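Participant: with the input below, show me the fold.
(one chain, ligands or ions: 1)
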Amino acid sequence: MRPRIVNIFHSFPSAVLRAAHNAGHIEHICLPSPELSVSERREWLKSQLPGASAAIIWVNVGRFGKEHLDVAGETLKVVATYSVGYDHIDVDELKRRGVAVAHTPYKSDDAVANATLLLLLMALRRSAEHLDVVRHGKWLQFYNDTSSNPLALAGGSVQDCTVGFYGFGRIAQKVAERILPLGPRRILYKASSPRSFTADTFPRLHHVVSTIYPGVTVSNEPDLQTLAAESDVLVCLTSLVPETHHSVNEQVLSKMKKHAVLVNVSRGPVVDTQALLQALKKEQISCVALDVLEGEPDIAADHPVLDDSLRHKVVIMPHSGSAEAASRTEMADLTARNVLKALNIDIRPEWYDEQPVPTDRSTYFV
Ligand SMILES: O=CC(=O)O
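Facilitator: Here you go, the predicted model:
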């Protein structure tokens, strides 16, 4: 019998899976309709697990763990998440039951770094206000205001700033590389384990800084409150583990500078949302830029973060940092390779007819 792969996506951009399915090596079952609600998707996934060999899931399917494994039974060999993070998977329980866990590192790093820079600049440059000017037919008024005062709606910049990174893994280092040409004075970071900035610890970034931007200081700041106090822009790119849950809390936010901008592209629960709302209302920080939010994906229009009173202080995207077509396609093919590898199915050139045979054979397991 062909191994069955259950996929939480309705349409999955993977040539590898399509080819394996068409060649009759797997049965690839996708979500039957894009219209299903979050809870219907979760129910559908569970209903398909009995007898499945693999499950392809995403960050928004709730926590994948014991409940799913009990339903799936012995046939399940691998759970492959279409994401870098796997905090939504009970990895210990899966491993205990001999189910492999795969994810998609590297393929979305650039896209997420680009999104981080986008959010950061939008927040610094008061983009929400600028976009509103045009949308509300106030271009002429803005022109007049600026004619009287050139600083009308003028925002900040990275020039001469201290940029703090909470979490300094691959993506954060890529963001740092993108920020360097914008002229920061200092880059501070709190990595998951304290490491000073040397050619051994951060080879690529160290090379870029020492050869092109020798005037920029890059250093380790292990204390989060000090990192917050020193930063003009604080970028969260740490993973969600028990120690980082709500770690950006009232104390940390109260240390930030009034003009500072907070950017969270890690996981929603890293930031305590109630504390963030208070900090914005009390103008303890100037703006927040978010790609993630506690409680996602079920964020309705009446969520307090979206309150009209904060519309100029919140720049927000629906956890779409990796949404560049090339990145999403490569993530899908990596997910497919992970699954096929776990199922001991070799990718064969003859599956591909006239299409070029992909040469990337990388796989990543947790
Ligand atoms: O959040 C996205 C990911 O983990 O890939």
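Participant: does the ligand sit close to stretch 110-124?
Facilitator: No - judged by CB under 6 Å from any ligand atom, stretch 110-124 stays clear of the ligand, getting no closer than 7.1 Å. No exception for glycine: its C-beta is placed from N, CA and C like everyone else's.
Participant: quick one: that stretch to chain centroid distance?
Facilitator: Relative to the chain's own centre, stretch 110-124 is displaced by 11 Å; criterion: CA atoms, centre = their mean, to the nearest Å.
Participant: do the same with stretch 94-102
Facilitator: 24 Å.
Participant: lowest average confidence across helices and strands of the protein, where is it?
Facilitator: Lowest by mean pLDDT, DSSP states H and E among the helices and strands of the chain is helix 15-22, with a mean of 92.
Participant: that one: which residues count as buried?
Facilitator: Going by neighbour count (16 or more other CB atoms under 10 Å), the buried part of helix 15-22 is 15-21.
Participant: what mean pLDDT does the longest helix along the chain get?
Facilitator: Longest helix in the chain by number of residues, with DSSP state H as the criterion: helix 325-342. The average pLDDT within helix 325-342 is 97.
Participant: does it reach the ligand?
Facilitator: No - counting by CB under 6 Å from any ligand atom, the ligand has no neighbours in helix 325-342; the shortest distance is 7.5 Å.
Participant: only alpha carbons, please: show that helix as PDB.
Facilitator: Presented in PDB, the C-alpha positions along helix 325-342 are these (Å, rounded to 0.1, in the frame of the first residue of the first chain):
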ATOM      1  CA  ALA A 325       6.900  33.100  -3.300                       C
ATOM      2  CA  ALA A 326      10.400  31.700  -3.700                       C
ATOM      3  CA  SER A 327      10.800  31.100   0.000                       C
ATOM      4  CA  ARG A 328       7.400  29.500   0.400                       C
ATOM      5  CA  THR A 329       8.100  27.200  -2.600                       C
ATOM      6  CA  GLU A 330      11.500  26.100  -1.200                       C
ATOM      7  CA  MET A 331      10.000  25.500   2.200                       C
ATOM      8  CA  ALA A 332       7.300  23.200   0.600                       C
ATOM      9  CA  ASP A 333       9.900  21.200  -1.300                       C
ATOM     10  CA  LEU A 334      12.100  20.900   1.800                       C
ATOM     11  CA  THR A 335       9.000  19.700   3.700                       C
ATOM     12  CA  ALA A 336       8.400  17.100   1.000                       C
ATOM     13  CA  ARG A 337      12.000  15.900   1.100                       C
ATOM     14  CA  ASN A 338      11.900  15.600   4.800                       C
ATOM     15  CA  VAL A 339       8.800  13.400   4.600                       C
ATOM     16  CA  LEU A 340      10.100  11.200   1.800                       C
ATOM     17  CA  LYS A 341      13.400  10.800   3.600                       C
ATOM     18  CA  ALA A 342      11.600   9.700   6.800                       C
END
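Participant: pipe the buried residues of helix 15-22 into a markdown table and attach distance to Thr211 per row.
Facilitator: Formatted as a markdown table, those follow (distance: CB to CB, whole Å):
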| residue | distance to Thr211 |
| --- | --- |
| Ala15 | 39 |
| Val16 | 39 |
| Leu17 | 42 |
| Arg18 | 44 |
| Ala19 | 43 |
| Ala20 | 45 |
| His21 | 48 |
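Participant: which two of the residues you listed have the greatest separation?
Facilitator: Distances among the buried residues of helix 15-22 were taken as CB to CB; the most separated pair is Ala15 and His21, at 10.8 Å.
Participant: for the buried residues of helix 15-22, which one is nearest Ser147?
Facilitator: The closest of the buried residues of helix 15-22 to Ser147 turns out to be Ala15 (CB to CB; 55.1 Å).
Participant: just the closest residue of the stretch 201-350 of the chain to the ligand, please.
Facilitator: Ser322 (5.6 Å; CB to the nearest ligand atom).
Participant: next, the angle from the least confident helix or strand of the chain to helix 325-342.
Facilitator: When axes from the mean of the first three to the mean of the last three CA atoms, to 10 degrees is applied, the directions of helix 15-22 and helix 325-342 differ by 50 degrees.
Participant: not counting helix 15-22 itself, show me its contacts.
Facilitator: 5, 7, 26-28, 332-333, 336-337, 339-340, 345, 347, 351-352, 355, 358 (CB atoms under 8 Å, 6 or more residues apart in numbering).
Participant: just stretch 110-125 next, same as before
Facilitator: Counting by CB under 8 Å, 6+ apart, 127-128, 155-158, 171, 174-175, 177-179, 233, 235, 237, 261, 263, 265, 287-291, 315, 317, 320-324, 326-328 sit against stretch 110-125.
Participant: kindly report the same for stretch 128-143.
Facilitator: 122, 152-153, 311-315.
Participant: just among those, which is most surrounded?
Facilitator: Val315 (25 neighbours; other CB atoms under 10 Å).
Participant: in a strand, that one, correct?
Facilitator: Yes - using DSSP: H, G, I helix; E, B strand; the rest coil, the assignment for Val315 is a strand.
Participant: so it sits against Leu280, correct?
Facilitator: No - using CB atoms under 8 Å, Val315 makes no contact with Leu280, being 11.8 Å away.
Participant: residues shared between the contacts of the two?
Facilitator: Common neighbours of Val315 and Leu280 are listed as Val288 (criterion: CB under 8 Å, 6+ apart).
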